[in-house]
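> Okay, sequence plus prediction incoming.
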Amino acid sequence: MKNNNRLALIGIMGGTGFLLATLLMALGFFRTLFIIFVTLVGTYSGYLLDKHDIDVLSVIKKRVGKHQQ
């Protein structure tokens, strides 16, 4: 069981390294940092919304309904 987890971790880290290297070569350092920052902010925001059981779709429907009246 430990060996399977280790192989999965190696695969995930290898894929992450390949993705970062590709982004760095294609976009440059600062654009890559911006993409990483936006991804982390979005991930954390989604985590907080899920933690506090906030249904984003119902909030959007309420706001759109107010503007259409």
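Cool, the structure landed.
> which residues in the protein form helices?
All helices of the chain, identified by DSSP state H, fall at 2-27, 29-51, 56-68.
> Can you tell me which of the ones you listed has the worst average pLDDT?
Lowest mean pLDDT within the helices of the chain: helix 56-68, a mean of 81.
> So residue 33 versus residue 24, what's the distance?
Residue 33 sits at a distance of 10 Å from residue 24 (criterion: Cβ to Cβ, to the nearest Å). Where C-beta positions appear, they are placed from N, C-alpha and C, glycine not excepted.
> residues near residue 23, how many?
Neighbour count for residue 23, taken as other Cβ atoms under 10 Å: 16.
> My guess is it contacts residue 34. True?
No - contact status for residue 23 versus residue 34: not in contact, 10.3 Å apart, counting by Cβ atoms under 8 Å.
> shared neighbours of the two, anything?
Counting by Cβ atoms under 8 Å, 6 or more residues apart in numbering, no residue touches both residue 23 and residue 34.
> Next, the buried residues of stretch 17-33.
23, 32 (16 or more other Cβ atoms under 10 Å).
> which residues sit against that stretch?
By Cβ under 8 Å, 6+ apart, stretch 17-33 touches residue 35.
> For it, output the C-alpha coordinates as CSV.
Output in CSV follows, covering the C-alpha atoms of stretch 17-33 (Å, rounded to 0.1, in the frame of the first residue of the first chain):
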residue,chain,number,x,y,z
GLY,A,17,7.0,20.0,-12.4
PHE,A,18,6.4,19.5,-16.1
LEU,A,19,3.4,21.9,-16.1
LEU,A,20,5.5,24.5,-14.3
ALA,A,21,8.4,24.1,-16.7
THR,A,22,6.1,24.4,-19.7
LEU,A,23,4.4,27.6,-18.3
LEU,A,24,7.8,29.1,-17.4
MET,A,25,9.1,28.5,-21.0
ALA,A,26,5.9,29.6,-22.7
LEU,A,27,4.8,32.6,-20.6
GLY,A,28,7.6,33.7,-18.5
PHE,A,29,8.2,34.0,-14.8
PHE,A,30,5.8,36.7,-13.7
ARG,A,31,2.9,35.4,-15.8
THR,A,32,3.4,32.0,-14.3
LEU,A,33,3.4,33.4,-10.8
